[in-house]
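Peer 1: okay, here's the prediction I keep looking at, along with the sequence it came from:
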Amino acid sequence: MSGRWTLDKGVNDLRPFPRCGRFVTVAVPLSLTALTAAWLFLGATPARTVVLWCSLVLLAASLTIWSVAVLRDGDRSRSDTYQWAVRTASVSPGRGEGAVPRRLSGTRWLTVRYGGTVVTAFTLVALWVTLAAADARGTGTSAVLAQEGAVIERRPIVKIENQEAGSGPRSSATADYTVLLPSSAGEGGVPVTFQADTNRRQGIGSELFVASVRERPELGAIGDDRLAEVERQLAGRAVEFDSMLVIGPFWGLATLAALIGWWLTESIRRPARTVTPDWHSLRVVVAGTKEHTEPPPPGSPEAADEKKRRENTRRFRCLVLEGCGQEVPLRSEMGLEAAGEALSGAHGWLLWHPLKKRGRDMLAELVGDDGWQLPGAVPVQVVERITAEGLTEPAHPDPERRVRMLDLGAGWLVTASVPGVVGCAVAFGCLSTLLLVPEDGAWRWWTALAGVLATAVGFTVQAMGRIGDCDRNNDAAASSQPAA
C-alpha cells in the first residue's frame with residue numbers, strides 16, 4: 001500500500017479519519033490518566049470499578065477505530081496525508097486570490113494532539129510500572145476484614161516461618177508471621193498466620209500492626225511493620241505505599257515539566273485572532289525546505305565570545321519562503337520534507353503581529369491563496385531585517401475572506417501499518433490482564449515488559465518496511481532514467 005494515490009481518491013478515502021483521530025486523541029490520554037490515578041490512589045471502591053471499565057471501553061474503541069482505519073487505508077506515507085490535508089483545506093470558500101482574511105483560526109486540535117502525545121507518553125510509563133508493582137493483598141482476606149469492620153492493633157509475633165531476608169540486620173524481609181488473636185469464647189489466644197513484606201527483619205516478640213475483626217479470628221488477619229501499608233491493604237489500594245510515593249510524584253512532576261516546557265516553547269499554540277492594520281504582511285511563495293543557521297544577534301551577551309556564539313547558534317530545518325528577494329525560514333510542527341513536497345510552489349501571505357513573540361521567534365501565519373492557514377514561527381532577527389528594509393506592508397484584511405486551518409497531521413491514523421496496530425493490540429491485552437487479574441508475582445513484571453516490547457517491535461517492523469519501500473522506489477526511479 002505504499003504506492004502513490006490520486007488526490008481525488010485521497011480526499012474521498014480519508015475524509016472520515018480526522019474526526020476519528022480527534023476521538024482517539026482525546027480518549028487515549030484521558031483513559032490512561034484515569035487508570036493510573038485510580039490504581040495509585042483509589043481503593044477497591046465502586047469509583048475505581050467505574051473508572052476501570054469506562055477506560056477499558058474507551059481504549060478498546062480507540063484501538064478498534066485505529067485498526068479499521070489501517071485495514072482500510074493504512075500504511076500511507078506522510079507525504080500522501082499531507083497532500084490530502086492541503087487539498088482538503090484548499091476547498092474552503094474564499095473571495096479571490098491574494099486577499100488577507102480578517103479572522104484567523106486558533107490551533108485547538110493541533111494543540112490538543114501534541115499535548116495529548118506528551119501526556120500519553122509519560123502516563124504509559126507510569127501505568128506500566130504501577131500495574132507491574134501492584135499486588136493482591138488488597139483483595140481476599142483484606143477485603144473481607146474491611147467489610148467486617150477490622151481494627152488495627154499492635155501485636156507481638158509468636159512464630160516466624162519461611163523468612164527470606166538480606167544479610168544485614170536492618171534489611172527488609174518476607175515471611176509468614178503468626179500472632180495470637182482473642183478467641184470468640186474469650187479463652188486464650190487463637191494463632192493466626194499471614195504473610196508480610198516488612199521493612200526490617202523481625203524476630204519473635206517484635207510487634208507488627210495487625211488488622212483483625214475482634215472476637216472473630218476465623219476471618220484471619222493482615223499485618224506489617226508500617227501502619228500505612230496495613231491501611232492500604234484494608235482500603236484495597238493496589239500499590240504499596242512506598243511505591244506510590246515514588247511513582248505518583250515522578251509521574252506528576254515529569255508530565256507537568258514536559259507540558260510546561262512544551263507549552264512555553266511550542267511554535268503553533270495560539271487562539272483565534274482578528275487581523276488588524278497593525279499586523280505586518282509579506283507576499284511569499286513556498287520554495288521548499290532547508291536548514292537555517294541563526295547566530296545570536298551582534299552585541300548581545302550570547303555573542304560575547306566565540307564559545308558563547310557557538311553555544312547559542314541555532315540550527316533547524318524549516319520551510320523556505322521567498323518574498324521580495326528574501327528567504328524567510330518558517331518553523332512549524334510538521335514533517336518538513338513531506339510538507340515541502342506538499343506546499344512547494346504555493347503562493348500566499350505571511351502575517352504576523354510585531355508584539356507576538358515567543359522566545360527568539362515571532363509567531364506568524366502563512367495564509368495560502370487556496371484558502372488554508374498554516375501556523376508557525378519566524379526568527380525575530382529575520383523579521384526585524386525585512387521590516388527594516390521596508391519589504392513589508394500593513395495588512396488590509398478582507399471581512400469576506402475565509403480560510404481553514406491546515407492540519408497537516410490530521411490523517412495520522414492511516415500512517416500506521418498492520419505490524420504497528422498488532423503490537424498495540426498485544427500491549428492492550430497485556431494491560432487488560434494486569435488490570436483484571438489481581439494475583440501478584442513476578443509474572444506481572446514479565447507481562448508489562450511483554451506489552452512494552454510488543455509495541456516497540458510492531459513500530460520497528462513498520463519503520464523497516466517503510467525504509468525498504470523507499471529504497472525500492474528510489475531504485476525504480478533510478479532505473480527508469482535514460483542512460484547517459
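Peer 2: Now that the structure is in, tell me what you want to look at.
Peer 1: show me the domain layout of the chain.
Peer 2: 7-75+127-135+417-474, 141-237, 273-405 (automatic domain parsing).
Peer 1: could the ones you listed go into JSON lines alongside distance to A254?
Peer 2: Placement of C-beta: from N, CA and C, glycine included. Formatted as JSON lines, those follow (distance: least, Cβ to Cβ, whole Å):
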{"stretch": "domain 7-75+127-135+417-474", "distance to A254": "12"}
{"stretch": "domain 141-237", "distance to A254": "22"}
{"stretch": "domain 273-405", "distance to A254": "21"}
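Peer 1: tell me where the stretch 351-484 of the chain has helices.
Peer 2: Using DSSP state H, counting those that start in this stretch, the helices of the stretch 351-484 of the chain run over residues 380-388, 418-436, 443-480.
Peer 1: re earlier: in JSON lines, list the domains of the chain along with mean neighbour count and distance to I247.
Peer 2: Listed next are those as JSON lines, based on neighbours: other Cβ atoms under 10 Å; distance: least, Cβ to Cβ, whole Å:
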{"stretch": "domain 7-75+127-135+417-474", "mean neighbour count": "17", "distance to I247": "6"}
{"stretch": "domain 141-237", "mean neighbour count": "16", "distance to I247": "12"}
{"stretch": "domain 273-405", "mean neighbour count": "17", "distance to I247": "30"}
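Peer 1: let's have these in TSV, adding distance to T265 and mean pLDDT.
Peer 2: Converted to TSV, those look like this (distance: least, Cβ to Cβ, whole Å; pLDDT from 0 to 100):
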stretch	distance to T265	mean pLDDT
domain 7-75+127-135+417-474	20	83
domain 141-237	37	84
domain 273-405	6	87
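Peer 1: nearest to T107, of those?
Peer 2: Within these, the stretch nearest T107 is domain 273-405; the backing value is 5.4 Å (Cβ to Cβ).
Peer 1: tell me how far that closest one lies from the chain's centre.
Peer 2: Distance of domain 273-405 from the chain centroid (Cα atoms, centre = their mean, to the nearest Å) equals 28 Å.
Peer 1: how about stretch 144-151?
Peer 2: How far stretch 144-151 lies from its chain's middle: 40 Å, per Cα atoms, centre = their mean.
Peer 1: measure that stretch end to end?
Peer 2: 12 Å (Cα to Cα, to the nearest Å).
Peer 1: stretch 401-415 now?
Peer 2: The straight-line separation of the ends of stretch 401-415 (Cα to Cα) is 33 Å.
Peer 1: wait, G458 sits on G423?
Peer 2: Yes. G458 lies in contact with G423 (Cβ atoms under 8 Å); the separation is 2.0 Å.
Peer 1: nearest to L259, out of the domains of the chain?
Peer 2: Nearest to L259 among the domains of the chain is domain 7-75+127-135+417-474 (11.1 Å), distances taken as Cβ to Cβ.
Peer 1: off-centre distance for that closest one?
Peer 2: 12 Å.
Peer 1: sheet partners, orientation included, of the lengthiest strand in the chain?
Peer 2: Looking across the chain with DSSP state E, the single longest strand is strand 280-294. Strand 280-294 has the following sheet partners, assigned by DSSP bridges: strand 314-323 (antiparallel), strand 347-358 (antiparallel), strand 393-394 (antiparallel).
Peer 1: can you name the next helix or strand after that strand?
Peer 2: Next helix or strand after strand 280-294 toward the C-terminus (DSSP states H and E): helix 306-311.
Peer 1: would TSV of the strands paired with strand 280-294 with distance to A47 be doable?
Peer 2: Listed next are the strands paired with strand 280-294 as TSV, based on distance: least, Cβ to Cβ, whole Å:
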stretch	distance to A47
strand 314-323	46
strand 347-358	40
strand 393-394	57
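Peer 1: nearest to R226, of those?
Peer 2: strand 347-358 (48.0 Å).
Peer 1: contacts for the closest one, please.
Peer 2: Contact partners of strand 347-358, identified using Cβ atoms under 8 Å, 6 or more residues apart in numbering, comprise 97-98, 100, 104, 264-265, 267, 270, 273, 275, 278-286, 321, 323, 328, 330, 362-370, 377-378, 380, 383, 387, 395.
Peer 1: the same query, at a cut-off of 6 Å, please.
Peer 2: 100, 279-282, 284-285, 362-369 (Cβ atoms under 6 Å, 6 or more residues apart in numbering).
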